[in-house]
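I would like to see how this sequence folds:
(chains A and B)
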Number of protein chains: 2
Amino acid sequence: MSKPLDKQLAALQHRDPDTRFELSKVDPSSKPFSQGDKATDKAAVEKLAVRLDELQNLFWADRRYKLLVVLQGTDASGKDGTLRHVFGRMSPLGVHAVSWRAPTEDERAHDFLWRIHQRVPAAGETVLFNRSHYEDVLVPVVKGQLTAEQVRQRYAQINDFERLLSETGTVICKFMLHISREEQRRRLQARLDDPAKHWKFLLEDVEARRHWDDYQAAYEAAISATGTPWAPWTVVPADSKTHRNLMIATLLERRLRELDLRYPEGDPALRDLRIE
Amino acid sequence: MSKPLDKQLAALQHRDPDTRFELSKVDPSSKPFSQGDKATDKAAVEKLAVRLDELQNLFWADRRYKLLVVLQGTDASGKDGTLRHVFGRMSPLGVHAVSWRAPTEDERAHDFLWRIHQRVPAAGETVLFNRSHYEDVLVPVVKGQLTAEQVRQRYAQINDFERLLSETGTVICKFMLHISREEQRRRLQARLDDPAKHWKFLLEDVEARRHWDDYQAAYEAAISATGTPWAPWTVVPADSKTHRNLMIATLLERRLRELDLRYPEGDPALRDLRIE
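Sure thing, here's the model as predicted:
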């Protein structure tokens, strides 16, 4: 690596909504977290996934925090694959994934954070958002359905909402899976060509792809405005699936380790109890 | 094995609510599914867990069915451990675990199946119930809070409810983890003695243990009355954790294989599409 890892990482994270984050400066094919060849990195991911399961178990026992992981990215950027490879070793006991789709009529009749708030983690829980409330500052922006003032309002509403979550014990990790337009083409074509993946293919994805530059601009604006000290964004170079998994698993393991998790003290009165 | 496996299995399953299932005749320390020593069985569980992940992925793509797995058993019977070892390899994408606790005031203001119905699986989903609506024909029965007629009503209501789920595409697998009173004593004592497990210990568990025979009788009555062709019960000899995992994983793998799952056909119009 040409630069120390932490300096490279700083260039991929955004936590100051008063400054601009330049998405176009991030190379989707770079692999700052790679430790060597693909096999080495894959083995590291597998090891980290097992470690994350242990930490999640401790997180669940500790009950002082809640963990919210947000995965965003264009179609075929690897959200499902991240869920499988990074979180696939955790016990289903304390982990819940929520895949957000276009809002229903009932959901649209409320504010855009109404349905989101219902699914945030409880104490000890880990909740994984596969897409999220960030779709509400991407899709309608690209489709021109909101005024600039409405978009600014939504950014501020998101920041306030995430501050509430953070102040009440939620650790928030937001990852934007960043792939190149060419890598998306390869992956969508592969879905068409593979009978086992064909069902995942949606014509809407091709439609959204026509607006690639608009979506990149909407992402850049959203990341810039909603990367905060309490809920920073991390942009993950994701053309390499293995690198994507390795980077996310490494950062989550580090974040959980920082929390100094511990098993709760039991009731001292129980110490000498013998079960009959 | 002295008897062929399928004959032994038949003695552990109940699917006729007009006959009595005799729980006391099941030896909790027996291991009908064991293939040899513990290491062999553990390796088999690990292999099956990976296979179940593949099948669950296909189940999710197929979308014709919903899968509901119910885990019941006394305290320390191994419900959490089953979730971890049998389902711990599945991607969180299509799997959701629900741990049921004593109903809240709001939940008690509705019928006992109201909160349950809200959490049943959607098409393609796998939902794991850690405890379930069966608590409502166990705890209040042992505490004498229901008349015999009310209990009979609840059994029938459960059977009708599960028939609705079954007729609308839900595959229902109900497992009762059956441990001996002595094995429960060992496990509760271990929770007291191990600082990493102490937090799991609850005085209520000791209280419930005083009514061991009443709970066994309530289980026997409930299994007898609610083992149906559309939602059979399987009693799992569970003094051995490895045997418990192996038996459940084997039966689920078999059940999913029977469904003849397949990837959906894609839109033929898309066949020759090239992504630009």
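
A:Pro237: neighbouring residues, count only.
Counted by other C-beta atoms under 10 Å in any protein chain shown, the residues lying close to A:Pro237 total 23. C-beta here means a position set from N, CA and C on the backbone, and glycine is covered the same way.

brain fart, A:Arg254
Count around A:Arg254 with other C-beta under 10 Å applied: 10.

kindly report the same for A:Ala43.
Other residues near A:Ala43 number 12, with proximity taken as other C-beta under 10 Å.

now do A:Leu251
Neighbourhood size, A:Leu251 [other C-beta under 10 Å]: 18.

separation between it and chain B?
18 Å (C-beta to the nearest C-beta, to the nearest Å).

so that residue makes contact with A:Val171?
No. Applying C-beta atoms under 8 Å as the test, A:Leu251 and A:Val171 come out as separate, 11.9 Å apart.

just the element for A:Ile82, please.
To be clear, residue A:82 is Thr; Ile isn't right here. Element membership for A:Thr82 (DSSP states H and E) is helix A:79-87.

quick one: work out the angle between the helix or strand just after that helix and helix A:79-87.
Once the chain leaves helix A:79-87, the next helix or strand it forms, by DSSP H and E, is strand A:95-99. Here strand A:95-99 points in a direction 170 degrees away from that of helix A:79-87 (axes from the mean of the first three to the mean of the last three C-alpha atoms, to 10 degrees).

and the helix or strand that comes right after strand A:95-99, what's buried?
Moving toward the C-terminus from strand A:95-99, the next helix or strand (DSSP H and E) is helix A:105-108. Under the neighbour-count criterion of 16 or more other C-beta atoms under 10 Å in any protein chain shown, helix A:105-108 has A:Glu107 buried.

got the contact list for helix A:105-108?
A:114-115 (C-beta atoms under 8 Å, 6 or more residues apart in numbering or on different chains).

how far does that helix sit from its chain's centre?
24 Å (C-alpha atoms, centre = their mean, to the nearest Å).

pLDDT averaged over that helix, what's the number?
The average of the pLDDT scores along helix A:105-108 is 93.

can you give me the buried ones in whichever helix or strand comes after that helix?
Toward the C-terminus, helix A:105-108 is succeeded by helix A:114-117 as the next helix or strand (DSSP H and E). In terms of neighbour count (16+ other C-beta under 10 Å), helix A:114-117 has its buried residues at A:115-116.

is helix A:114-117 in proximity to chain B?
No. Between helix A:114-117 and chain B, judged by C-beta under 8 Å from any C-beta of the partner chain, nothing touches; the nearest distance is 14.8 Å.

that helix: what's the following helix or strand?
Criterion used, DSSP H and E; the element after helix A:114-117 is strand A:126-130.

check what contacts that following strand and list those residues.
With contact meaning C-beta under 8 Å, 6+ apart, strand A:126-130 is reached by A:56, A:59-60, A:66-71, A:79-80, A:83, A:87, A:90, A:94-100, A:119-121, B:92-93.

next: stretch A:59-68.
With C-beta under 8 Å, 6+ apart, stretch A:59-68 has contacts from A:56, A:93-94, A:120-127, A:129, A:165, A:169-173, A:256, A:259, A:261-264, B:196, B:199-200.

and it, end to end?
For stretch A:59-68, the first-to-last residue distance is 12 Å (C-alpha to C-alpha, to the nearest Å).

pLDDT (mean, whole number) over it?
96.

what residues sit buried inside it?
Quick answer for stretch A:59-68 (16+ other C-beta under 10 Å): A:59-62, A:65-68.

can you give me the separation between the closest residue to A:Leu9 other than its chain neighbours and A:Ser240?
Closest residue to A:Leu9 apart from its sequence neighbours, by C-beta to C-beta, 6 or more residues apart in numbering or on different chains: A:Pro32 at 7.1 Å. A:Pro32 is 11 Å from A:Ser240, where distance means C-beta to C-beta, to the nearest Å.

contacting residues around whatever residue of the stretch 51-200 of chain A ends up closest to chain B?
Across the stretch 51-200 of chain A, no residue is closer to chain B than A:His198, which sits at 3.4 Å (C-beta to the nearest C-beta). By C-beta under 8 Å, 6+ apart, the contact set of A:His198 is A:191-192, B:263-266, B:270.

all good on my end, thank you.
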